[in-house]
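Peer 1: 3D model of this:
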Amino acid sequence: MKERFLNENYEWLDGDFIVNIKALDGSSKSNIPGGRPSQSYVGASERIKRKRSSTLLQTERLQQTCHAFLQGLRAEIKNREANMIEVLLNTSTQQKEAVYNVLFKDDDVEVSFN
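Peer 2: Numbers count the residues shown, from 1 in each chain. A predicted model of the protein is given here:
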């Protein structure tokens with residue numbers, strides 16, 4: 001068996017071996033990140049979405065996050081939705097309660113935003 005291996009591989013076994021010692025000692029890390037590849041936000045689970053959102057809110061102010069959200073809606077040509085959300089963000093709590101109760105009056109539920 002050993003003879004067969006040597007006979008089949010004599011060409012590269014007789015050649016020179018060049019070994020990069022630095023690569024073997026582990027001091028040079030490759031630029032490839034380890035672990036599982038990250039998933040897109042759309043394809044992620046609700047748990048991952050909550051984690052990413054909480055990370056975003058910890059690093060950015062709520063006002064900046066809302067502004068980015070509105071820009072995203074407008075970029076997708078959803079101006080009406082963006083305008084509605086912008087109005088809600090700039091409306092007093094009392095006005096929000098009134099609007100909500102008018103919109104959902106058929107549900108027989110009084111809502112209070114405290």
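
Peer 1: which parts of stretch 71-89 are buried?
Peer 2: 73, 82, 86 (16 or more other C-beta atoms under 10 Å). No exception for glycine: its C-beta is placed from N, CA and C like everyone else's.

Peer 1: now do the end-to-end distance for it.
Peer 2: Start-to-end span of stretch 71-89 (C-alpha to C-alpha, to the nearest Å) is 14 Å.

Peer 1: distance from the chain centre to that stretch, please.
Peer 2: On the basis of C-alpha atoms, centre = their mean, to the nearest Å, stretch 71-89 sits 21 Å off its chain's mean C-alpha point.

Peer 1: and for stretch 60-76?
Peer 2: That offset, for stretch 60-76, works out to 15 Å (C-alpha atoms, centre = their mean).

Peer 1: same thing with stretch 99-108?
Peer 2: Centroid separation for stretch 99-108 versus its chain: 35 Å, with C-alpha atoms, centre = their mean.

Peer 1: and what of stretch 58-76?
Peer 2: Worked out by C-alpha atoms, centre = their mean, stretch 58-76 lies 15 Å from the chain centre.

Peer 1: thinking again about what came up before, any chance of the buried residues of stretch 71-89 in TSV, plus distance to residue 5 and pLDDT?
Peer 2: Below are those laid out as TSV (distance: C-beta to C-beta, whole Å; pLDDT from 0 to 100):
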residue	distance to residue 5	pLDDT
73	66	88
82	70	86
86	74	83
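
Peer 1: which ones among those map onto helices?
Peer 2: If you go by DSSP state H, the buried residues of stretch 71-89 have 73, 82, 86 in helices.

Peer 1: closest one to residue 99 out of those residues, please.
Peer 2: Using C-beta to C-beta, residue 86 is the member of these that lies nearest residue 99, at 14.0 Å.
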